[in-house]
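1. Model the following, please.
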Amino acid sequence: MTIAILGGYGAVGAAAARRLAARAASPLRIGGRTLRSAAALCEELGDGATAHTVDLSDSASVAAFCAGSTVVLNCAGPSYRVLDTVALAAREAGAHYVDVAGDLPLLRRLRALPPSDRLEVVSAGVMPGLTAILPLTLLGDDPATTRIDLHVGGPVRITPASAQDILLATGPDFGTPSATWRDGRVAPGTATARWHTTLPHFGPDVHALPYLTTETADIARHHGLGEVRQHSVYVSERIPTTLATAWADSPDDPTSWAGELAAAATADLAQHRPSYTILAERRDIPSGRLVGQRLLQADDPYRLSGLVAALTAEAALAHGGSGTWPAWRFLDAHETWSALTSDPQCRTEVRATSAAPL
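-> Residues are numbered from 1 along each chain as shown. As a prediction, this is how the structure comes out:
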């Protein structure tokens, strides 16, 4: 049972490969544009890994890489360029497919095809991915009286591929700014930004900007949650200002601002220790009482995405199945949380409390 990892020596793919190799899950194929980089990682991983040159613009190259594999794990990006290229090759090869990104555009494309007799799991990373999975560990018996508060962010590097995906993540396929989930729907204009605020676990003088992702709205709809509030957290105004400027000045091709976005993240890191934080809290709507909390912190969100991708590939190998799903519908939330708590890169905290209402 072979796992083929495309983009296998990148920031996310290498982390996934190291996890899979350490657990001796199965033989690994490490693929990408540069054979030397793939071979260097394979030398580190040991005899069970082989290096392959793969050109995403050449369908025959992608097909040859996927042929004979049991699971194809795509960690290549940017996702708007990859789209369904690798997923279709995995289908043709009869392999399960896991994509660390993909989001709703890929999910929609795959679900428009005839149903697959193999698994296709998208959004198996951090955001989307863990940002939906962690809140699911907090759900109780009465979701209609539950409010989930989700804060995500912190000072971290942004790779060139990620910068392009972030800049293109606008519009209803991705989320709604200044919105909450309430009364069974996305409610635009019901949340306000908090500039220069203090947030536990994020620090003083941070900026919490409301943005309800499509993924979060989906879990709220699926589970009948009463209310959800979601904020992206930044340690300075550099990144949100760069994003706003790019979207206003270059609406047709905001990816031309990828360098500026990456530079903004680097400037933040010059003043702050790297730390990516996901804080999910559950509150009782009638009383406002804090019922439970999940806190996850890591220095590098790309390594964290690699861990989630590896967990998803392992689950596909172990359980099989069929159909096309986002990771939060496929992975068991509590098993995923347990894996995170035992991984040395993760700092986790669980709290159940009867704190005062907020």
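
2. And residue 129, what's its pLDDT?
-> Looking at residue 129, its pLDDT is 96.

3. count of residues packed around it?
-> 27 (other C-beta atoms under 10 Å). Heads up, the C-betas are built off the backbone N, CA and C, glycines and all.

4. Just confirm it contacts residue 123, I think it does.
-> Yes. Here residue 129 reaches residue 123: they are 5.2 Å apart, a contact under C-beta atoms under 8 Å.

5. Buried residues of the lengthiest strand in the chain, list them for me.
-> Across the chain, the longest stretch assigned as strand under DSSP state E is strand 203-213. Neighbour counts using 16 or more other C-beta atoms under 10 Å place 203, 206-213 of strand 203-213 among the buried residues.

6. same thing with stretch 217-232?
-> Under 16+ other C-beta under 10 Å, the buried positions of stretch 217-232 are 217-220, 225-232.

7. per-domain residue ranges of this structure.
-> When the chain is parsed with automatic domain parsing, its domains come out as 3-125+303-337, 130-300+341-355.

8. which of those is buried the deepest?
-> Greatest average neighbour count among the domains of the chain goes to domain 3-125+303-337 (a mean of 21), per mean count of other C-beta atoms under 10 Å.

9. Would you work out how far apart the start and end of that domain are?
-> This stretch, domain 3-125+303-337, spans 23 Å end to end (C-alpha to C-alpha, to the nearest Å).

10. Mind checking the pLDDT average for it?
-> Summarised as a single mean, pLDDT over domain 3-125+303-337 is 95.

11. where along the stretch 1-150 of the chain do the helices fall?
-> For the stretch 1-150 of the chain, applying DSSP state H, counting those that start in this stretch gives helices covering 11-22, 35-45, 59-66, 79-82, 85-93, 103-111, 130-136.

12. How about residues contacting the last one?
-> Among residues not part of helix 130-136, those counted as contacts by C-beta atoms under 8 Å, 6 or more residues apart in numbering are 123, 148, 150, 152, 213, 215-216, 218-219, 223, 228, 278, 280, 282, 294, 296, 304, 308, 326-328, 331, 333, 336-337, 340.

13. What about the residues you listed, which are in helices?
-> Among the contacts of helix 130-136, the members falling in helices are 215-216, 218-219, 223, 304, 308, 327-328, 333, 336-337, 340 (criterion: DSSP state H).
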